[in-house]
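Participant: next comes the sequence, and after it the predicted model I'd like to discuss.
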Amino acid sequence: MSGITPIPTHVFGARYKTAPIRCGSPAAEMGGFSFKLLIVFFLLLYSNLPLMFPVLELVRPAQTLGALALIILLYEKALVRRKLDLAWPDGYLLAGFIAAAGLSIFGAVWPAYAAEAALTLVKMAVVYLLIVNTVTSENRLRTLLWVMVLGGLFPAVGSLWYWHQGIKIEGRAAWLGVFANPNEMAYSLVILIPIALALSRRLNLTRRIPVWLVIAAFMTAIYLSYSRGSLVGLFAVVAYMGWRQKSKLARAGMIGVLVAGALAVPLYWSRGDDFSNLREDANLQERLTTYKVAFAMYSDSPLLGVGINCSAVAWPLYAPAQFGNHKWLITHNTFLQALSETGTVGFLLLVSFFGAVICRAWRVRKAPQPGRDGVVELMAALEIAFWGFVVCGLSGGYVMSWFPYLLAGLIGAAGRIVAEPTQAPRSTGLQSWSGRTAEAAPRHSMRQTDK
């Protein structure tokens, strides 16, 4: 018997006209090759191979793979007469933020620099689209999360090796490329810890031990980065995971980790400025100054800001005289960075985007679908990871960082998987991502053909 598998016709209220897909056809596993290219992209992002082997930079492998994956996905969608899925409302809010970033170019203090940053945001949106449209099953979701966790070993081990070799950034552990900034390296590992723990839950003890060693490498690299914001983010992630545990023993274990971490920081912290005597902490006062400067930039350009990624460029124009020796200093707060660089419009769109992503994760966790326990468990870990980013983002400017957009794409994909019916309903219609029932599918898409 050859059946017809219906496809959900709308997503969180955004409806799509779709064609039926026959079971067993190549279209039933849509995005297979694009998904493989996405895996390679993730590995390139974490490994920084073009920086280790500069000859690869001639072909720009990450950009080439991303573009090729999108072209193949569009071709596959065209074959079955389907549009690209864009999760409502988060996908549209992301598109709106990128549009606001593009508009900020016209009033930017350095238009060419802002244009380059806006193009980078477009690339991030492309990868977001690839994730949402190709991660269509729990198996693919787990695979991509494993790639992220194992890929995190590159910056973790790389920064530890650099530390061992005496290669440091102002006495702090860091690595290459996007991980050359100790703060960004540390926060990118913080968000992987809840994901790694969630993936390990279905492993036996023998296989869990290597995962725990990976997490230990992450924590060591975070510690040696001396990123106070990321350390606070790590504590927040561990505390949230502990609070969510049902077992009293597990909660006690999480509390033990928090206490041990709190004791370890003052004992072995070798950065010149730790968490003590914050009033005389030059680094902290400098960060607070960046906040004041961000508000000054916003007051000058309240609608569209000083240009995406241009807050550092505009710093000398707004900084107090005592900080004049800093020509390029970023705003150490993701939300204030968005406010100063993209103005009121961009700030509201970005905050709404983050809020929609968190809301999606929360709704799935609170109202799980039967037969989707594995995906719901992974969604819970992704929610914690995203909150970890938010906490780290309070002391770091990560608007132009890849990882919040990757997490958002994974949360959107997981929400779609959960909302997909395990079996095609016969007469009640199809279920949308929002959990509501869609109008009945066309009769021809539900027809069974006997052979």
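Facilitator: Structure's in. What do you need?

Participant: who's in contact with Leu224?
Facilitator: For Leu224, the contact set (Cβ atoms under 8 Å, 6 or more residues apart in numbering) comprises 159-160, 163, 172-173. Yep, even glycine has a C-beta here, placed from its N, CA and C like the rest.

Participant: which parts of this structure are strands?
Facilitator: Ranges of strands in the chain, per DSSP state E, are 4-5, 10-11, 14-15, 21-22.

Participant: now distance to Gly151, neighbour count and pLDDT too, for the contacts of Leu224, in TSV please.
Facilitator: What follows is those, written out as TSV (distance: Cβ to Cβ, whole Å; neighbours: other Cβ atoms under 10 Å; pLDDT from 0 to 100):
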residue	distance to Gly151	neighbour count	pLDDT
Ser159	14	30	97
Leu160	16	16	97
Trp163	20	19	95
Arg172	22	19	93
Ala173	18	28	95
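
Participant: widest-spaced pair of these?
Facilitator: Between any two of these, the greatest separation by Cβ to Cβ is 12.3 Å, found for Leu160 and Arg172.

Participant: pLDDT weak spots in the stretch 1-150 of the chain?
Facilitator: Within the stretch 1-150 of the chain, the stretches with pLDDT under 70 are 1-30, 59.

Participant: just the pLDDT for Arg228.
Facilitator: As summarised for this prediction, Arg228 has a pLDDT of 88.

Participant: out of the contacts of Leu224, which sit inside helices?
Facilitator: Assignment to helices by DSSP state H places the following of the contacts of Leu224 there: 159-160, 163.

Participant: now these in TSV, with distance to Asp300?
Facilitator: Formatted as TSV, these follow (distance: Cβ to Cβ, whole Å):
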residue	distance to Asp300
Ser159	38
Leu160	43
Trp163	41
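
Participant: which one of those residues is nearest to Cys359?
Facilitator: Ser159 (34.0 Å).

Participant: can you count the residues close to the nearest residue to Phe97 once chain neighbours are set aside?
Facilitator: Leaving out its chain neighbours, the residue that sits closest to Phe97 by Cβ to Cβ, 6 or more residues apart in numbering is Leu349, at 4.1 Å. By other Cβ atoms under 10 Å, the residues close to Leu349 number 22.

Participant: cool, and the one 4 residues further on?
Facilitator: Residues lying near Phe353 (other Cβ under 10 Å) number 23.

Participant: likewise the one 5 residues further on?
Facilitator: As a burial measure, the neighbour count of Ile358 was computed by other Cβ under 10 Å and equals 17.

Participant: low-confidence stretches in the stretch 301-450 of the chain?
Facilitator: If you take pLDDT under 70 as the line, the stretch 301-450 of the chain has these spans: 322-327, 368, 421-450.

Participant: 80 instead?
Facilitator: 321-329, 367-371, 420-450 (pLDDT under 80).

Participant: which stretches in it count as helices?
Facilitator: 311-318, 334-366, 373-393, 403-419, 443-446 (DSSP state H, counting those that start in this stretch).

Participant: between these, which one is closest to Lys83.
Facilitator: Per Cβ to Cβ, nearest to Lys83 of these: helix 403-419, 14.1 Å.

Participant: tell me which strands and helices the closest one is in contact with?
Facilitator: helix 90-103, helix 111-134, helix 138-151, helix 334-366, helix 373-393 (3 or more Cβ pairs under 8 Å, 6 or more residues apart in numbering; DSSP states H and E).

Participant: can you lay out those helices as JSON lines showing distance to Pro50?
Facilitator: Listed next are these as JSON lines, based on distance: least, Cβ to Cβ, whole Å:
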{"stretch": "helix 90-103", "distance to Pro50": "25"}
{"stretch": "helix 111-134", "distance to Pro50": "15"}
{"stretch": "helix 138-151", "distance to Pro50": "15"}
{"stretch": "helix 334-366", "distance to Pro50": "27"}
{"stretch": "helix 373-393", "distance to Pro50": "25"}
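
Participant: so which of these comes closest to Tyr405?
Facilitator: Here helix 111-134 is closest among the helices and strands packed on helix 403-419 (Cβ to Cβ), at 4.4 Å.

Participant: buried ones in the closest one?
Facilitator: Buried residues in helix 111-134, counted by 16 or more other Cβ atoms under 10 Å: 113-115, 117-118, 121, 124-134.

Participant: same deal with stretch 357-368?
Facilitator: For stretch 357-368, by 16+ other Cβ under 10 Å, it's 357-358, 360-361, 363-365, 368.

Participant: got it, and stretch 184-201?
Facilitator: 184-200.

Participant: check stretch 41-53 too.
Facilitator: 41-50.

Participant: could you do stretch 90-108 as well?
Facilitator: 90-98, 100-105, 107-108.

Participant: stretch 206-214 now?
Facilitator: Neighbour-count burial for stretch 206-214 [16+ other Cβ under 10 Å]: 211, 214.

Participant: just the C-alpha atoms of that stretch, please, in PDB.
Facilitator: Extracted in PDB, the C-alpha atoms of stretch 206-214 (Å, rounded to 0.1, in the frame of the first residue of the first chain):
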ATOM      1  CA  THR A 206      30.300   3.900  30.700                       C
ATOM      2  CA  ARG A 207      29.300   6.300  28.000                       C
ATOM      3  CA  ARG A 208      28.300   9.100  30.400                       C
ATOM      4  CA  ILE A 209      31.800   9.300  31.800                       C
ATOM      5  CA  PRO A 210      33.400  10.700  28.600                       C
ATOM      6  CA  VAL A 211      30.600  13.300  28.400                       C
ATOM      7  CA  TRP A 212      31.300  14.400  32.000                       C
ATOM      8  CA  LEU A 213      35.000  14.700  31.100                       C
ATOM      9  CA  VAL A 214      34.000  17.000  28.200                       C
END
